[in-house]
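Peer 1: Attaching a predicted model along with its sequence, questions to come.
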Amino acid sequence: MKNKWIQKASIVFSDNVRNHRHFVLIEKEMSGRNIFHFPILLLFLIVSVYSCTTYTPPASKNLNVSYLYNPSLQVFDPQLTAWHNSDKSTTLFVSLQKKNLFFVNDDNVLKAAVRFNYKLYNNKTMKVSDSSNVVLFLPDRQSDKMIVTLNIPTADTVSYLLDLTISDVNKQIGRRVFFTIDRSLAVNTQDYLMVNPEGVPYFSNIVSETDTFMFKHRSQSHWVWSKSMGSNNFAMPYAPHILINYKPFNYKADSTYRLLVTDSTRFTLPYEGFIHFHPDTGSYGGYAVFHYHNHFPEPHNPYRLLQPIRYLTSNKEFDELNLYAEKKNSVDKFWLEATGGNADRSKELIKVYYNRVSFANTFFTSYMEGWKTDRGMLYVVLGLPNTIYKTHDLERWIYGNSQTNSTLTFNFVKRPNPLCNNDFVLSRNESFKISWIQAIDAWRNGRVYSVGG
């Protein structure tokens, strides 16, 4: 196996979207294992690239990745987005919070040492198509975030799973993440980069009413898109034991029209709903942008606090609660009745339940709010699974101790969706009915449900 040492990186230090600076290292192949010093940029970079292709099963298939959805383990929490900047490579953008990095003094300059170690799997063959080990020494700047870019070799028509570990060398903490890089369609979401007017990438396609966004394309300065606009009023999921026939996802836009887009065209989404920019040839491909509400992901007002209670009520009961003119009164009524009028206990339940709603929105939002998805429903009612196994198109959630009989296993399968790349649907089974009813009864009797508890 041949090793090459290549220096390549681009870093943005950003206080906010209106104040950023770029530091770029020019690509240059080097022989040997020397560490080169760049006094002007105050950066060091080591990259080890393995050029041969080997077969290694993705670690996420056998690794418990429940930490990905554990809010108590989000201390070192990088954000990722990708852009196919050419027909042979993809730029990975990684946003790091400065407060999570440990800086040490090096020649009177404070620097953080951050390692990026990845394997890139071909999702069809499960072979490693690329791997790399990068250490960046980042100088301290008066900024809250640092955006690091890595160029990764990719090819059209292929979908990849990136197994990436990002770690602070000085602090000895890190984060292992799994990220899909998709070039399988004629027009892919990652063919376009969503940026603000200053050119800083968005790491989410969820915007507020004040956000302004633009798009970049690797080879086009202008293109024609169809712009479909719709609401976010998608139906809530059925209970896990209710069998349904899944159909390919489709949506009916409220309006659609063609427009000429350039890399300087600015867009806003001041109202709740979504905009789907897609080719004239069909609804697949392109880019979807969502606006849920200004306090998303938290359920901020009484109306939004009432909606997730639907999981714990019958249709008739929820309709009665929804008749209250003051939705706060209906929310209070439900939780006080659940605890027999114990206000302190009600507050504890409310805190747990709506924290789960908020985190479900953070982790599972797809074409609708995360708490309304299949994974979000289970996360809110049952909590974080003990074990999660994950591939690019499947998640398996296991509740309880696998060494006992008190376990529940749920499988989620990824469904093609023109609006997102995060639509996982539950494989429902009638055997879930007893456990689901037990969970609902626990909440309604003032207790947080625990499998086997």
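Peer 2: Looks like it arrived, so ask away. Numbering: from 1, shown residues only.

Peer 1: how near is residue 329 to residue 303?
Peer 2: Counting by Cβ to Cβ, to the nearest Å, the separation of residue 329 from residue 303 is 12 Å. Yep, even glycine has a C-beta here, placed from its N, CA and C like the rest.

Peer 1: so where's the stretch 201-350 of the chain uncertain?
Peer 2: Scanning the stretch 201-350 of the chain for pLDDT under 70 picks out the ranges 281-284.

Peer 1: Please repeat the previous calculation with a cut-off of 90.
Peer 2: Scanning the stretch 201-350 of the chain for pLDDT under 90 picks out 217-235, 244-261, 263, 278-286, 293-294, 300.

Peer 1: number of nearby residues for the residue nearest to residue 420 when sequence neighbours are not counted?
Peer 2: Take residue 420 and drop its neighbours on the chain: the residue closest to it by Cβ to Cβ, 6 or more residues apart in numbering is residue 366, 4.4 Å away. Residue 366: 23 surrounding residues under other Cβ atoms under 10 Å.

Peer 1: same deal with residue 90?
Peer 2: With other Cβ under 10 Å as criterion, residue 90 counts 24.

Peer 1: since we're on the nearest residue to it once chain neighbours are set aside, how many residues are nearby?
Peer 2: The shortest distance from residue 90 to any non-neighbouring residue, by Cβ to Cβ, 6+ apart, is to residue 154 (4.5 Å). Neighbour count of residue 154, defined by other Cβ under 10 Å: 27.

Peer 1: Please, where are all the helices along the stretch 301-450 of the chain?
Peer 2: Applying DSSP state H, counting those that start in this stretch to the stretch 301-450 of the chain gives helices spanning 302-306, 315-322, 327-338, 343-364, 374-382, 433-444.

Peer 1: tell me what the longest one is packed against?
Peer 2: Put plainly, it is helix 343-364. helix 327-338, helix 374-382 (3 or more Cβ pairs under 8 Å, 6 or more residues apart in numbering; DSSP states H and E).

Peer 1: repeat that with 10 Å
Peer 2: Helices and strands touching helix 343-364, by 3 or more Cβ pairs under 10 Å, 6 or more residues apart in numbering; DSSP states H and E, are helix 302-306, helix 327-338, helix 374-382, helix 433-444.

Peer 1: same check, this time on the third one
Peer 2: The elements that helix 327-338 packs onto, with contact taken as 3+ Cβ pairs under 10 Å, 6+ apart, are helix 302-306, helix 315-322, helix 343-364, helix 433-444.

Peer 1: Let me know the pLDDT of the residue most central in space within the chain.
Peer 2: Nearest residue to the geometric centre of the chain (Cα atoms, centre = their mean): residue 363, 5.8 Å. pLDDT for residue 363: 96.

Peer 1: Figure out the length between the terminal residues of stretch 142-159.
Peer 2: This stretch, stretch 142-159, spans 38 Å end to end (Cα to Cα, to the nearest Å).

Peer 1: Past the helix or strand hosting residue 166, which element shows up next along the chain?
Peer 2: In the assignment (DSSP states H and E), residue 166 maps to strand 159-168. Using DSSP H and E, the helix or strand that follows strand 159-168 in sequence is strand 173-182.

Peer 1: do you know how far the residue nearest to residue 90 is from residue 129?
Peer 2: Distance, residue 154 to residue 129, using Cβ to Cβ: 8 Å.

Peer 1: Overlap of the contact sets of those two?
Peer 2: Taking Cβ atoms under 10 Å, 6 or more residues apart in numbering as the contact rule, residue 154 and residue 129 both touch 120, 122, 160.

Peer 1: circling back to that earlier point, I'd like to know how far the nearest residue to the residue nearest to the centre of the chain once chain neighbours are set aside sits from residue 387.
Peer 2: With sequence-adjacent residues excluded and distances taken as Cβ to Cβ, 6+ apart, residue 363 is closest to residue 69, at 4.9 Å. Relative to residue 387, residue 69 is positioned 12 Å away (Cβ to Cβ).

Peer 1: any residues in contact with both of the two?
Peer 2: Going by Cβ under 10 Å, 6+ apart, residues that sit against residue 69 and also against residue 387 are residue 397.

Peer 1: Between the two, which is the more surrounded one?
Peer 2: residue 69 (20 against 17).

Peer 1: residues near residue 248, how many?
Peer 2: 8.

Peer 1: Also residue 379?
Peer 2: Residue 379: 22 neighbours (other Cβ under 10 Å).

Peer 1: and the closest residue to it other than its chain neighbours, how many residues sit next to it?
Peer 2: Distances taken as Cβ to Cβ, 6+ apart place residue 360 nearest to residue 379, at 4.7 Å, with adjacent residues excluded. Residues lying near residue 360 (other Cβ under 10 Å) number 24.

Peer 1: I'd like to know which elements the helix or strand harbouring residue 137 is packed against.
Peer 2: Per DSSP H and E: residue 137 is located in strand 127-139. For strand 127-139, the packing partners by 3+ Cβ pairs under 10 Å, 6+ apart come out as strand 3-16, strand 19-30, strand 45-50, strand 54-55, strand 104-106, strand 109-122, strand 145-153, strand 159-168.

Peer 1: ok, 6 Å please
Peer 2: When contacts are defined as 3 or more Cβ pairs under 6 Å, 6 or more residues apart in numbering; DSSP states H and E, strand 127-139 sits against strand 45-50, strand 109-122.

Peer 1: Just say which of those is most tucked in.
Peer 2: Ranked by mean neighbour count under mean count of other Cβ atoms under 10 Å, the helices and strands packed on strand 127-139 are led by strand 109-122, which reaches a mean of 19.

Peer 1: what angle do that one and strand 145-153 make?
Peer 2: Counting by axes from the mean of the first three to the mean of the last three Cα atoms, to 10 degrees, strand 109-122 lies at 40 degrees to strand 145-153.
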